[in-house]
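1. sharing a sequence plus its predicted fold:
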Amino acid sequence: MNNKFNRILACTMAAVVISSVSVIPANTVTAYAPKPDTVFVAAESVSINKSQIVIGKGESYNLVSEVLPLTASSKNLLWLTSDSSVASVDRNGKVTAKGVGNATISAITHNGKKALCYVTVNEAPSEVKLNIHSLEMGVGENYRFYATVPANTTACVRSYSSSDESVVSFDKNGVMTAKKAGTATISVKIFNGKTDTCKITVKNAPSSVSLTTKSLTLNPNDKYTLHAAVPENTASRVRTYSSGNSDIVECDTRGTVTAKKEGTATITVTTFNGKTDTCKITVKKAPDSITLKQTSAELDLDDTFRVIYSLPSNCYASKVTFTSSDRNVAEVNAKGYVTAKNPGTADITVATSNGKTAVLKVVVNEPVQIYAWSSSDDILNSVKLNPVKTNSKMLDDKIDSIFGDILNSRMSNAHKVKACFDYLATNINYAYISYDYSPVYGVNYASYNDREIVISAYSTLVKKLGNCYDYACTLAAVMQRIGYDAHVVHGLVGMSAGGYGNHYWVDTNINGRHYIFDAQVENNNLGWGGYVNHYFYCLDPNSTSMYLYQETWSTSNFRTY
């Protein structure tokens, strides 16, 4: 086999030599004869720049050869292919893919030195895709694109171009550089004409960079991703992160830090143009326990309760979670606020990131059932309070100064209302008075009635005088300050002499039912025994024909129906 190959090679090389000989005139033969001292230098080796290539069907690739020594007398090569149906090669080493398969390209010197390149031909791609389709960069920043083709297809060469080389341009190695602020479209193209594009936006290089987190405390094994921002209208695609002490805190290229052991480390972010910022990270020991201030809580519907926890000294929990065993009974948010939803029981579990837990047992009470025969105390104690101020500091301060001495935290809600009602019934005398308008100076009210209620209540408490309207305004303001949904009502009231007359009183909405509170009429009837009888206190309108409703005065400063 080798002898046959050598004969073929000898014949081929002879043909090459003969074809290159020119006819020389007789009188010039001596001038072209070799000098007696000329030495023929044989080729010692030949090499090809690629030992193997993978190309697509229809694609061409130029192999580059080198014959050594450089002083070799003949550097002519014979290029051969093992399978021309897969890949052909011309006399200059240009390989052209013909069909899917494998072939070996040989480069052979005049004296049989040989170099090989193994060629694999795959199908031509149906498309080419860039690794990114939009990119923001800073002036002076570099980027290298990557383009892919479908599986089992190949395009060995990908060429890149810019729609505006004054904005972005490519160097001979295919690296793109942002030149100035603006936009450009980058295109990639393969041998069979398939293309893809990427929109490039170039902004000024940043003058600074800022980490959104400047300091952070973690437990060992915790992870946290830092984020960095640059000034508006600037950009830095590359932001590198590094740790000042990787034994304590490791940091990857995207800014995700991993706490390793107790101690401190500084993480530095750097833009492509050298601007930096830092974050100090402290790694502390994870807690070996967690303790609750309260381990049980009894709530009414819609009540809220905050879970308070504590950890051992010199410990830190980077994350504490709150979960409910029954969200239909009690919900808990990420900050530990529990909301009572429905009657029943639920466990609120507080857990640290390292698995230490504590449990709060929550009981949500059944709502108090109110009936026609329920006592006033049961009715008033059944409602969830929502204290509201009057939007007048003068009136609010006056209410606090008077009723702050009367009310205390040991009193039930019902007892608080009764104490306020009794004060007005026994300390305010019936009279028409001139109003003090000073409480509303500099305060904007949504309606005339809002303004007048504040004026009336303040004047009544200062002068300890007032008519039915003044009693109603004052009691409504005081009850709303306690937390009840109380309003001034205008209507008709039965007269002792017969018939009905204009009148004002307080109507309070308690769990959807309405009740009358009338301290002024109670004051009129003190003569029946010299003390408050509470005949006109928490009175069901359906149980009497004495009161005829005509108008409800709702105030936007207080509450509205």
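-> Ah, there it is. Residues are numbered from 1 along each chain as shown.
2. just want the most central residue of the protein.
-> Nearest residue to the geometric centre of the chain (CA atoms, centre = their mean): His227, 11.2 Å.
3. hmm, Thr212 and that one touching each other?
-> Yes - His227 is in contact with Thr212 according to CB atoms under 8 Å; the separation is 4.8 Å. All C-beta spots, glycine's among them, are computed from the backbone N, C-alpha and C.
4. so Asn328 sits against Ala340, correct?
-> No - assessed by CB under 8 Å, Asn328 is found out of contact with Ala340, at 11.0 Å.
5. these two - which one has more neighbours?
-> Ala340 (24 against 11; other CB atoms under 10 Å).
6. residues contacting that one?
-> Ala340 makes contacts with Leu299, Asp300, Leu301, Asp302, Asp303, Thr304, Phe305, Val329, Ala330, Val362, Val364, as judged by CB atoms under 8 Å, 6 or more residues apart in numbering.
7. for Tyr515, same thing?
-> Contact analysis of Tyr515 by CB under 8 Å, 6+ apart lists Ile379, Asp507, Thr508, Cys538, Leu539, Asp540, Pro541.
8. again, only using 7 Å
-> Contacts for Tyr515 (CB atoms under 7 Å, 6 or more residues apart in numbering) come out as Ile379, Thr508, Cys538, Leu539, Asp540.
9. who's in contact with the fourth one?
-> By CB under 7 Å, 6+ apart, the residues touching Leu539 are Tyr515, Ile516.
10. ok, now how distant is it from Glu522?
-> Counting by CB to CB, to the nearest Å, the separation of Leu539 from Glu522 is 10 Å.
11. what does the last one give?
-> For Asp540, the distance to Glu522 equals 16 Å [CB to CB].
12. buried stuff in stretch 145-164?
-> Phe145, Ala147, Val149, Thr153, Thr154, Ala155, Cys156, Arg158, Tyr160, Ser162, Asp164 (16 or more other CB atoms under 10 Å).
13. for the first one, which non-adjacent residue is closest in space?
-> By the measure of CB to CB, 6 or more residues apart in numbering, the closest residue to Phe145 outside its immediate chain neighbours is Leu130, 5.8 Å from it.
14. how deep is the one you found tucked in, by neighbour count?
-> 19.
15. also Tyr224?
-> Neighbours of Tyr224 (other CB under 10 Å): 19.
16. mind listing what it touches?
-> Contacts of Tyr224 by CB under 7 Å, 6+ apart are Leu216, Leu218, Val257.
17. show me what it is bridged to.
-> Counting by DSSP bridges, Tyr224 forms beta bridges with Val257.
18. in this structure Ile290 contacts Val307, no?
-> No - Ile290 lies out of contact with Val307 (CB atoms under 7 Å); the separation is 10.7 Å.
19. common neighbours of the two, please.
-> Shared contacts of Ile290 and Val307, defined by CB under 7 Å, 6+ apart, are found at Val350.
20. for the residue nearest to Phe145, what are its contacts?
-> Neighbouring residues of Leu130 by CB under 7 Å, 6+ apart: Phe145, Ala147, Val188, Asp196, Cys198.
21. follow-up on the earlier one: Asp540 and Glu522: which has the busier surroundings?
-> Taking other CB under 10 Å, Asp540 and Glu522 do not tie; Glu522 has more neighbours (21 against 13).
22. correct me, but that one touches Tyr531?
-> No - look at Glu522 against Tyr531 with CB under 7 Å: they stay out of range, at 10.2 Å.
23. list residues touching both of these two?
-> With CB under 7 Å, 6+ apart as the test, Glu522 and Tyr531 reach no residue in common.
24. which strands and helices lie in contact with the host helix or strand of Thr460?
-> For Thr460, the host element (DSSP states H and E) is helix 448-463. Here helix 448-463 touches helix 393-403, helix 468-482, going by 3 or more CB pairs under 7 Å, 6 or more residues apart in numbering; DSSP states H and E.
25. let's see 10 Å
-> helix 393-403, helix 413-427, strand 465-466, helix 468-482, strand 485-494, strand 547-553 (3 or more CB pairs under 10 Å, 6 or more residues apart in numbering; DSSP states H and E).
26. rewinding a little: now, of the contacts of Ala340, which are buried?
-> Those of the contacts of Ala340 that meet the buried threshold are Leu299, Asp300, Asp303, Phe305, Val329, Ala330, Val362, Val364, by 16+ other CB under 10 Å.
27. now tabulate those residues in JSON lines and tack on pLDDT, secondary structure and distance to Pro125.
-> Formatted as JSON lines, these follow (pLDDT from 0 to 100; DSSP: H, G, I helix; E, B strand; the rest coil; distance: CB to CB, whole Å):
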{"residue": "Leu299", "pLDDT": "90", "secondary structure": "strand", "distance to Pro125": "66"}
{"residue": "Asp300", "pLDDT": "84", "secondary structure": "coil", "distance to Pro125": "70"}
{"residue": "Asp303", "pLDDT": "86", "secondary structure": "coil", "distance to Pro125": "66"}
{"residue": "Phe305", "pLDDT": "93", "secondary structure": "strand", "distance to Pro125": "64"}
{"residue": "Val329", "pLDDT": "96", "secondary structure": "coil", "distance to Pro125": "61"}
{"residue": "Ala330", "pLDDT": "96", "secondary structure": "strand", "distance to Pro125": "60"}
{"residue": "Val362", "pLDDT": "96", "secondary structure": "strand", "distance to Pro125": "63"}
{"residue": "Val364", "pLDDT": "94", "secondary structure": "strand", "distance to Pro125": "65"}
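28. follow-up on the earlier one: so which of the contacts of Tyr515 is the closest to Ile348?
-> Relative to Ile348, the closest of the contacts of Tyr515 is Ile379; by CB to CB it sits at 31.2 Å.
29. how many neighbouring residues does the closest one have?
-> Ile379: 20 neighbours (other CB under 10 Å).
30. go ahead and confirm it touches Gly512.
-> No - the pair Ile379 and Gly512 fails to qualify as a contact (CB atoms under 10 Å) at a distance of 11.9 Å.
31. distance between the ends of stretch 464-471?
-> End-to-end span of stretch 464-471 (CA to CA, to the nearest Å): 10 Å.
32. make sure Gly501 is indeed in a strand.
-> Yes - under DSSP: H, G, I helix; E, B strand; the rest coil, Gly501 sits within a strand.
33. show me what it is bridged to.
-> Beta-bridge partners of Gly501, counted by DSSP bridges, are Val493.
34. can you check Asn142 too?
-> The partner residues for Asn142, given DSSP bridges, come to Thr177.
35. number of nearby residues for it?
-> Around Asn142 there are 14 other residues, counting by other CB under 10 Å.
36. please shift the residue numbers so they start at 546 in all later answers.
-> That works, and once the first residue is 546, the last one we named lands at Asn687.
37. that one contacts Arg782, doesn't it?
-> Yes - between Asn687 and Arg782 there is a contact at 9.2 Å, judged by CB under 10 Å.
38. find residues that contact each of these two.
-> Both Asn687 and Arg782 are in contact with Ala723, Phe817, where contact means CB atoms under 10 Å, 6 or more residues apart in numbering.
39. nearest to Leu625 among the buried ones among the contacts of Ala885?
-> Closest to Leu625, out of all of the buried ones among the contacts of Ala885 and judged by CB to CB, is Ala875, at 84.2 Å.
40. in what helix or strand does the residue lying closest to that closest one once chain neighbours are set aside lie?
-> Sequence neighbours aside, Ala891 is the residue nearest to Ala875 in space, at 4.2 Å (criterion: CB to CB, 6+ apart). Using DSSP H and E, Ala891 sits in strand 889-897.
41. partner strands of that strand, with direction?
-> Short version: by DSSP bridges, strand 889-897 pairs with strand 865-869 (antiparallel), strand 902-909 (antiparallel).
42. next secondary structure element downstream of the longest one?
-> Tracing the chain past strand 902-909, the next element assigned as helix or strand by DSSP H and E is helix 921-926.
43. can you dump the C-alpha atoms of that following helix in CSV for me?
-> C-alpha atoms of helix 921-926 as CSV (Å, rounded to 0.1, in the frame of the first residue of the first chain):
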residue,chain,number,x,y,z
SER,A,921,-76.5,47.6,77.8
ASP,A,922,-73.2,46.4,79.1
ASP,A,923,-73.2,43.3,76.9
ILE,A,924,-74.2,45.4,73.9
LEU,A,925,-71.5,48.0,74.4
ASN,A,926,-68.8,45.4,75.3
